[in-house]
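Asks: dropping a prediction and its sequence here:
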Protein chains: 2
Amino acid sequence: MKERILAETERLFWKYGVRSVTMEDIARQLGISKKTIYQHFADKEQILYQVMRDKMVKNQSEMECMTIKTDNPVEEILHVLTMMQKHADQVSPNLLIDIKRHYPQAFALFRQYKEQHIMHSILENIQKGISQGLYRSDINPTLLARLRVEQIELAFNNEIFPTDQYTMLEIQHELMHHFVRGMLTEKGFIIYNQYVNHHSYDNKEYQADSNDLAPQPAE
Amino acid sequence: MKERILAETERLFWKYGVRSVTMEDIARQLGISKKTIYQHFADKEQILYQVMRDKMVKNQSEMECMTIKTDNPVEEILHVLTMMQKHADQVSPNLLIDIKRHYPQAFALFRQYKEQHIMHSILENIQKGISQGLYRSDINPTLLARLRVEQIELAFNNEIFPTDQYTMLEIQHELMHHFVRGMLTEKGFIIYNQYVNHHSYDNKEYQADSNDLAPQPAE
């Protein structure tokens, strides 16, 4: 039952944000009583916390898997975009703002994840890119990793990127490609161009497994 | 006297932030009484407001002048960096955060300036760059202009870019060059490389008038 509650609540949170989903909504969707939910979770924030924890654990293992599967840092970082795009469309744009404003424990968890895992994996990507000559050697890795981490949060900020003007997909796509291009060397551009030419920007195709198209790093 | 008060207060604000500078400090520095200051300004926020207004008017005319003097959008946007670097070293990193938290009227003025003038001039730069084939045509001009505007504020955020790790100069330099590079086409890169090769990154030289070195746009 606990798992069913988590799965359904996640779906509702992602779709409607956290604030507007009540314990009653969750119970009704599952055809159970609120009492049953309270047997497993003290309150809504506890469900949120667990949902986010699971998400982050899953995310992290997906990222690690990607690092193994991809041939080079350019491809790796663009794959992360694919993954984010896959999720972005399902997520209510107010979700992160909502959590930031009203659910301090859950937000602290996100912050911690951001600092430890996202920051770490971007920094590693940048350092690998520099050592392979795909990213410029004159960039400051920690400074740009920090910029990228902040951009993720920025993209979710409805006041900065109003959702009536841009889709989440469009924002993430634009910011990520701009971020990568800003670091590339000439050698890096060759691989980048191979990658984007082989992958249609049509979202459906973009989501497809693209291992077979993976370009080899230039010498 | 009003002008002397404004000039001295600006110097103190830039150096120490707004909160830590008292009316007494200003009076002492000028060798006048607090009463004299109150004859001209109701409170510290009123001085701050006037200081910021002057700064913005000056800034805007400098930007317009640059647009006339420079040959192409790549050079123009890099010139803005030079201008920002010139100021960045004199500014207390807490200044903007300080204003944001404690001086709502002055911050509203900054926001308005940001929305109207900074946003407008960046957007114009991007559109010009695209039409001249120096920036990629597949970028979303308003989305990237918005990103750049937010980066300016981000750079001043001491929690995101701690000043014990980076100098303001370094942050602005890194973010701006990364931003420009992320938009460039091959043709744009030729001009960009000419520009950076002709300009030493040594700050002193970077500040020098570089008109004589201005590269011509490629055909």
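Replies: Done, it's in.
Asks: drop to CA atoms for contacts and neighbour counts, all remaining ones
Replies: Fine.
Asks: low-confidence stretches in chain A?
Replies: A:66-67, A:85, A:87-93, A:200-219 (pLDDT under 70).
Asks: A:Asn197: which element?
Replies: Using DSSP states H and E, A:Asn197 sits in helix A:186-198.
Asks: which strands or helices does that helix pack on?
Replies: helix A:73-88 (3 or more Cα pairs under 8 Å, 6 or more residues apart in numbering or on different chains; DSSP states H and E).
Asks: which parts of the helix it packs on are buried?
Replies: By 16 or more other Cα atoms under 10 Å in any protein chain shown, the buried positions in helix A:73-88 come out as A:73-86, A:88.
Asks: get me the contact residues on chain A for chain B.
Replies: A:139-140, A:143-144, A:146, A:160-161, A:171, A:174-175, A:177-183 (Cα under 8 Å from any Cα of the partner chain).
Asks: buried subset of these?
Replies: A:139-140, A:143-144, A:146, A:161, A:171, A:174-175, A:177-183.
Asks: A:Lys187 contacts A:Gly133, correct?
Replies: Yes. Using Cα atoms under 8 Å, A:Lys187 is in contact with A:Gly133, at 7.0 Å.
Asks: was I right to think A:Asn140 contacts B:Glu174?
Replies: Yes. In this structure, A:Asn140 is within contact of B:Glu174 by Cα under 8 Å, at 7.3 Å.
Asks: whatever residue of chain A ends up closest to chain B: what's it in contact with?
Replies: Distance from chain B to each residue of chain A (Cα to the nearest Cα) is smallest for A:Gly182, at 3.7 Å. Neighbouring residues of A:Gly182 by Cα atoms under 8 Å, 6 or more residues apart in numbering or on different chains: B:His177, B:His178, B:Phe179, B:Val180, B:Arg181, B:Gly182, B:Met183.
Asks: closest to the centroid, which residue in chain A?
Replies: A:Met84 (4.2 Å; Cα atoms, centre = their mean).
Asks: quick one: the longest helix along chain A to chain centroid distance?
Replies: Counting residues, the longest helix found in chain A (DSSP state H) is helix A:44-69. Taking Cα atoms, centre = their mean, to the nearest Å, one finds helix A:44-69 lying 10 Å from the centre of the chain it belongs to.
Asks: which single one of the buried ones among the residues of chain A next to chain B is nearest to B:Glu8?
Replies: Closest to B:Glu8 out of those is A:Leu143 (33.8 Å), distances taken as Cα to Cα.
Asks: ok, the closest one to A:Phe156 distance?
Replies: According to Cα to Cα, to the nearest Å, A:Leu143 stands 21 Å off from A:Phe156.
Asks: repeat for A:Ala108
Replies: 17 Å.
Asks: compare those two (neighbour count), which wins?
Replies: A:Phe156 (23 against 14; other Cα atoms under 10 Å in any protein chain shown).
Asks: would you confirm that the more buried one contacts A:Ile97?
Replies: Yes. Applying Cα under 8 Å as the test, A:Phe156 and A:Ile97 come out as touching, 7.2 Å apart.
Asks: how many neighbouring residues does A:Ile26 have?
Replies: By other Cα under 10 Å, the residues close to A:Ile26 number 23.
Asks: and it, what helix or strand is that in?
Replies: Per DSSP H and E: helix A:23-30 holds A:Ile26.
Asks: what's the first helix or strand after that helix?
Replies: Following helix A:23-30 toward the C-terminus (DSSP H and E): helix A:34-40.
Asks: flag every buried residue along that next one.
Replies: Neighbour-count burial for helix A:34-40, with 16+ other Cα under 10 Å as criterion, is recorded at A:Ile37.
Asks: roughly how far out does it sit from the chain middle?
Replies: Worked out by Cα atoms, centre = their mean, helix A:34-40 lies 31 Å from the chain centre.
Asks: what are the contacting residues of that helix?
Replies: In contact with helix A:34-40 (Cα under 8 Å, 6+ apart) are residues A:Lys2, A:Ile5, A:Met23, A:Glu24, A:Ala27.
Asks: pull out the buried residues from the residues you listed.
Replies: The neighbour count (16+ other Cα under 10 Å) marks A:Ile5, A:Met23, A:Ala27 as buried among the contacts of helix A:34-40.
Asks: tell me the SS of the closest residue to A:Thr142 other than its chain neighbours?
Replies: Leaving aside its sequence neighbours, A:Thr142 sits nearest to A:Leu123 (Cα to Cα, 6 or more residues apart in numbering or on different chains; 6.3 Å). Following DSSP: H, G, I helix; E, B strand; the rest coil, we place A:Leu123 in the helix state.
Asks: right, and A:Leu123 touches A:Pro141 too?
Replies: Yes. The pair A:Leu123 / A:Pro141 is scored as a contact, 6.2 Å apart, by Cα under 8 Å.
Asks: rewinding a little: farthest-separated two in the contacts of helix A:34-40?
Replies: A:Lys2 and A:Glu24 (15.9 Å).
Asks: let's have the buried ones among the contacts of helix A:34-40 in CSV, adding distance to A:Gln116.
Replies: Converted to CSV, the buried ones among the contacts of helix A:34-40 look like this (distance: Cα to Cα, whole Å):
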residue, distance to A:Gln116
A:Ile5, 28
A:Met23, 32
A:Ala27, 35
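Asks: helices or strands up against the one helix or strand A:Leu169 maps to?
Replies: Secondary structure from DSSP H and E places A:Leu169 in helix A:168-181. Here helix A:168-181 touches helix A:73-88, helix A:141-155, helix B:141-155, helix B:168-181, going by 3+ Cα pairs under 8 Å, 6+ apart.
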